[in-house]
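Asker: Please work out how this folds:
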Amino acid sequence: MPRDNNSSMGRMVLVRVLVVVGALLAVLSLLAGYIRYQALDTDTVEQTAGELIADPEIRNEVAATMVDQLYANVDVEAALEQRLPPDQKALAGPIAAAVRTGADRLAQGLLQRPRAQELWVRTIGATHRNLISVLKDERTSLSTSEGNVVLDLQPLLIQLGERVAIVGDIDQRLQSNPDAGKITIIKSDQLETAQDLTRLMNFLGLWLWVVPIALWAIAVWLAEGRRRDILRMIGFSAILAGLLVLVVRRIVGSIVVDELATTESLEEAVGDAWDIVTGLLRDGGLTLMGIGVLLLVAVWIAGPSRYATGTRKWLAPHIARPELAFG
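Answerer: Numbering: from 1, shown residues only. This next block holds a predicted model:
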């Protein structure tokens, strides 16, 4: 008998360990799945890009970046000097500064237009497809300079330059610098590491979720005579795992905003961007918590209490209908 008791205690310890390990792996599977679908799926990336450019704070920061790129690649002051009379060329500098203020407003107005937002989404999508083809090692070379993967904002810069009429011949000015309006996403010397991480996260994002389910199923199978208790423990573990994901998302978001935001307006834009980009992760955490709550409700309904018995009697006619039961 003592030996049987020791065996039973050892089995229950193993069962609880399986539940806890399953909960930790559920958190990892959510993170891996988020990276897999948010970072490696072009349709999801394009949808996120549309949500980003629709946010006013983010749109204003993108507009400011476009103006910075325009002024970095076009000598507006020199263009003004060519147009001004000789006795007024000294005004080129002040006028260029004033034009920049107007360019900020023009860029913000441009990005509010549906066609410009559609162009932004297409640009992000094309960049992402190019990136994925490289990360999956489907292409041996890139069409970008020096083998880097870049975000090409040149089409939007051309539209902005056409609105800033004083610049003139924006196409020719940008063609003289093929890297104008291109923001490096991944450098060529980082590709090998990125490819390895892509293969790993692609595999984990697709299959890691199976492991916690398998561990929980084994735990329930081993817990003969205590299965309701273990199911209750799994429910609480799922709730805590989902809550942990939400807490980690919030803490990391605060760190990212603090690191990247140098001004109050930029802080709002970065915060909005983080909320949008990590929306799938938030949904995953809430879903896991919801599954835990449903499991706890199911365990309670299956219990011996008077309220549980009454609930089962109330549900019996409805569960007898296959469309409701299986639904």
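
Asker: what about the closest residue in space to residue 42 that isn't next to it in sequence, distance to residue 48?
Answerer: Spatially, and ignoring its direct neighbours in sequence, residue 42 is nearest to residue 128 (5.0 Å; C-beta to C-beta, 6 or more residues apart in numbering). Any C-beta I mention is one placed from the backbone N, CA and C, and that applies to glycine too. Distance, residue 128 to residue 48, by C-beta to C-beta, to the nearest Å: 10 Å.

Asker: From the contact counts, what lies against the host helix or strand of the residue nearest to residue 42?
Answerer: Assigned by DSSP states H and E, residue 128 belongs to helix 114-135. The contact analysis (3 or more C-beta pairs under 8 Å, 6 or more residues apart in numbering; DSSP states H and E) places helix 114-135 against helix 42-54, helix 92-111, strand 149-152, helix 154-163, strand 182-186, helix 191-207.

Asker: try it again with 6 Å
Answerer: helix 42-54, helix 191-207 (3 or more C-beta pairs under 6 Å, 6 or more residues apart in numbering; DSSP states H and E).

Asker: CA-only coordinates of the last one, as CSV, when you get a sec.
Answerer: Read that as helix 191-207. The C-alpha trace of helix 191-207 is given here as CSV (Å, rounded to 0.1, in the frame of the first residue of the first chain):
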residue,chain,number,x,y,z
LEU,A,191,20.5,37.9,-44.3
GLU,A,192,22.0,34.6,-43.3
THR,A,193,21.0,35.0,-39.6
ALA,A,194,17.5,36.3,-40.7
GLN,A,195,17.1,33.3,-42.9
ASP,A,196,17.9,30.9,-40.1
LEU,A,197,15.4,32.7,-37.8
THR,A,198,12.8,32.6,-40.5
ARG,A,199,13.0,28.9,-40.9
LEU,A,200,12.9,28.3,-37.2
MET,A,201,9.9,30.7,-36.5
ASN,A,202,8.0,29.3,-39.5
PHE,A,203,8.3,25.8,-38.1
LEU,A,204,7.5,26.7,-34.5
GLY,A,205,4.6,29.0,-35.5
LEU,A,206,3.0,26.2,-37.5
TRP,A,207,3.5,23.3,-35.1
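
Asker: Quick check: mean pLDDT of that helix?
Answerer: Here helix 191-207 scores 76 as its mean pLDDT.

Asker: For this protein, name the helix or strand with the lowest mean pLDDT.
Answerer: helix 170-175 (a mean of 59; mean pLDDT, DSSP states H and E).

Asker: ok, for the residue nearest in space to the middle of the chain, nearest residue in space, not its chain neighbours?
Answerer: Nearest residue to the geometric centre of the chain (C-alpha atoms, centre = their mean): residue 277, 3.3 Å. Of all residues not flanking residue 277 in the chain, residue 48 sits nearest, at 6.1 Å (C-beta to C-beta, 6+ apart).

Asker: Number of residues surrounding that neighbour?
Answerer: 22 (other C-beta atoms under 10 Å).

Asker: Now do stretch 277-297: distance to the chain's middle.
Answerer: Centroid displacement of stretch 277-297 relative to its chain, using C-alpha atoms, centre = their mean, to the nearest Å, is 17 Å.

Asker: related to what we said a few turns ago, hang on, isn't the residue nearest to residue 42 packed against residue 45?
Answerer: Yes - here residue 128 reaches residue 45: they are 4.6 Å apart, a contact under C-beta atoms under 6 Å.

Asker: Show me what the biggest helix by length in the chain is packed up against.
Answerer: Looking across the chain with DSSP state H, the single longest helix is helix 2-39. In terms of contacts (3+ C-beta pairs under 6 Å, 6+ apart), helix 2-39 is packed against helix 191-207, helix 210-222, helix 227-260, helix 279-301.
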